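Student: fold the following, please.
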Amino acid sequence: EEDSDEEDWSAEDDRILIEIVLEKLRLSKAEWQDCARNLGRDRHAVDRRWKTLLLNGEIGLKSRPIR
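Tutor: Have a look, this model is predicted:
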């Protein structure tokens, strides 16, 4: 069954879609540790900052060019 692009999307639909996509992008503890090492911070500080940026709507995702 295909949805039409004209079908209305609710704010709740958008929230769920974003939540699902971000869940798929979730980093492992080792990956958080690698990010922290690159920033000279601990993993927990990086995790807290990431969550703050998400909650404040400061995270923008860019589309990749279609190959």
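Student: switch to C-alpha atoms for all contacts and neighbour counts from now on
Tutor: Noted.
Student: what about Asp34, neighbour count?
Tutor: 15 (other Cα atoms under 10 Å).
Student: now do the one 5 residues further on
Tutor: For Leu39, the neighbour count with other Cα under 10 Å is 11.
Student: likewise Ile20?
Tutor: Residues near Ile20, counting by other Cα under 10 Å, number 11.
Student: that one: which element?
Tutor: According to DSSP states H and E, Ile20 maps onto helix 11-24.
Student: swap in Trp32?
Tutor: In this assignment (DSSP H and E), Trp32 forms part of helix 29-39.
Student: which outside residues touch that helix?
Tutor: 42-43, 45-47 (Cα atoms under 8 Å, 6 or more residues apart in numbering).
Student: and Leu39, what pLDDT?
Tutor: If you check Leu39, the pLDDT there is 94.
Student: center of the protein, which residue is that?
Tutor: The residue lying closest to the centre of the chain (Cα atoms, centre = their mean) is Leu22, at 3.7 Å.
Student: show the contacting residues for it.
Tutor: Applying Cα under 8 Å, 6+ apart, no residues qualify as near Leu22.
Student: please redo it, this time with the cut-off set to 10 Å
Tutor: The contact partners of Leu22, by Cα atoms under 10 Å, 6 or more residues apart in numbering, come to 16, 54.
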